[in-house]
Structures are given as structure tokens and as C-alpha cells.
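Colleague: Mind folding the following:
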Amino acid sequence: MRLKRVGYWGGDWPDPQDLVDESRPVDEIVVQYLQSGFFCRGRMGCANCRICGDRLGCADMTDGVFVWPQRLDHYLTAHHVQLPGWFIEHVHHRVAKYEDAIYEDGLWLKDASVLPKPTRTEADGWTDRVMRLSASICFGYDVEDEDPNLGYLKPQQDEIDWLAAWLASEGWTIGHAVVMKTSPTSTTVQPYA
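Modeller: Predicted coordinates:
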């Protein structure tokens, strides 16, 4: 799959300061579109804003056509950076298609009745597992049964992988923790130092 880049800076790419135009209002549709992209690829380090130095995201986001750095919306809202017209048109065209969409219920109504009931409840320990995973992320190690601070069970590897992926998709940055995939079956979480 080939994705078209937008919003990358430096080298052969534009300088964002050259694209600042405070006379034009911020396009909130474009801002929301950038914020709602799909996680495409994570990065080992986080980007800093090229104008103010704020720490931004550590991932690439996509809509399946374009790819942009996570928190590209910061440049629009904080600095009035103007993105190219062809990208703005693309965003407005895609949003308009969804606003005019006709919803169909047939398959959902047919298939929903045979779906298994959710089992993630307080009774089966889902809340405890989330708390353990959060503690593991915060403390930077797998919380063990014998841990004097918490006493939680060690989380399963797939739970750690899921939480690490979710945290990255929600904008966690190196300032929270460094989450590294060290092998196909292992994830290491280290606190930010």
C-alpha cells in the first residue's frame, strides 16, 4: 500500500513556519479529521513541535490515502499552519460522504442476536487485569504476586501487548513510558527517565 505524506517537516519537506497564516481561521473539520486518523506505525522517539518545542506524538496516523504525524493538529490550532489545499479538499470530500451516508441495519440486526454476550465484567476480574496492566506500565516491570507494593498477578503477554498498542494509539509518548517490541512474542515497558 502506498500512502501520501502530509505534514512532515525538515530536510526536503517544508518548514512549518513558512506555512503560518494567522489571518485564516482554524478549520475545525480538518483538526477533528487529523485527530481521528487510524494508527499506522509507531516510532521509537517522539516528535517535538518545530515552532514551539512542545512534545508531540510518536506515531504516524492515516485515513488509508494520506499519512501524517500524530498531533499534526497541534500545528493548525496552536500556530495557524495552513495545510495544502488538495489535502483540505480531500478531508472535506471524505467528511461530506459520511455525512450523506444512508445507514442500513439489516446485517447488524440479523447477526447481533447470535453474538456471544460480553464477558468482561467486574466479576470475572477484567477491572483487576486493567489495574495490573496499568501498574506494570507505570512501574516499568511486570507486577508479580509477591510485589510488596501491589500484590497483583503477572499480566498475560497478550494483555501487555494490547495495552501497549492502545496506549500508543491514544497518544502516549516517551514522557509517559517507553514501550518497545523486543521480539514477536515480547514487549518491554520501561519508565521514562
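Colleague: can you give me the strands for the chain?
Modeller: Remark: strands assigned in the chain by DSSP state E are 4-5, 38-42, 59-62, 66-69, 177-183, 186-191.
Colleague: Val81 pairs with what?
Modeller: Val20 (DSSP bridges).
Colleague: residue contacts, it?
Modeller: Pro16, Leu19, Val20, Ile51, Tyr75 (CB atoms under 8 Å, 6 or more residues apart in numbering). C-beta here means a position set from N, CA and C on the backbone, and glycine is covered the same way.
Colleague: ranking these by neighbours, who comes first?
Modeller: Using other CB atoms under 10 Å as the neighbour criterion, Tyr75 leads the contacts of Val81 with 24 neighbours.
Colleague: In space, what's closest to it - neighbours in sequence excluded?
Modeller: Val81 (3.9 Å; CB to CB, 6 or more residues apart in numbering).
Colleague: ok, now how distant is that neighbour from Met44?
Modeller: From Val81 across to Met44, the span is 25 Å (CB to CB, to the nearest Å).
Colleague: Could you tell me which residues make contact with the closest residue in space to Ala47 that isn't next to it in sequence?
Modeller: Spatial nearest neighbour of Ala47, chain neighbours left out: Leu56 (4.6 Å); criterion: CB to CB, 6+ apart. Leu56 sits next to Cys46, Ala47, Asn48, Cys49, Pro69, Gln70, Arg71, His74, Thr173 when contact means CB under 8 Å, 6+ apart.
Colleague: mind putting the residues you listed in TSV, neighbour count and pLDDT included?
Modeller: Listed next are the contacts of Leu56 as TSV, based on neighbours: other CB atoms under 10 Å; pLDDT from 0 to 100:
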residue	neighbour count	pLDDT
Cys46	20	86
Ala47	20	90
Asn48	11	92
Cys49	17	95
Pro69	22	95
Gln70	27	94
Arg71	22	95
His74	21	97
Thr173	21	46
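Colleague: any weak-confidence spans in this structure?
Modeller: 108-193 (pLDDT under 70).
Colleague: Could you break it into its assigned domains?
Modeller: 4-99, 126-191 (automatic domain parsing).
Colleague: The longest one spans what distance, first to last residue?
Modeller: When the termini of domain 4-99 are compared using CA to CA, to the nearest Å, they are 24 Å apart.
Colleague: now do stretch 23-39
Modeller: End to end - CA to CA - stretch 23-39 spans 32 Å.
Colleague: Begin at 369, not 1, for the rest of this chat.
Modeller: Got it, first residue is 369 now, which makes that one stretch 391-407.
Colleague: in it, what's buried?
Modeller: Of all the residues in stretch 391-407, those buried under the rule 16 or more other CB atoms under 10 Å are Val394, Val398, Val399, Tyr401, Leu402, Gly405, Phe407.
Colleague: For the first one, give me its contacts.
Modeller: Contacts for Val394 (CB under 8 Å, 6+ apart) come out as Leu444, Thr445, His448.
Colleague: I'd like those as JSON lines, with distance to Gly474 appended.
Modeller: Shown next, in JSON lines, are those (distance: CB to CB, whole Å):
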{"residue": "Leu444", "distance to Gly474": "39"}
{"residue": "Thr445", "distance to Gly474": "40"}
{"residue": "His448", "distance to Gly474": "46"}
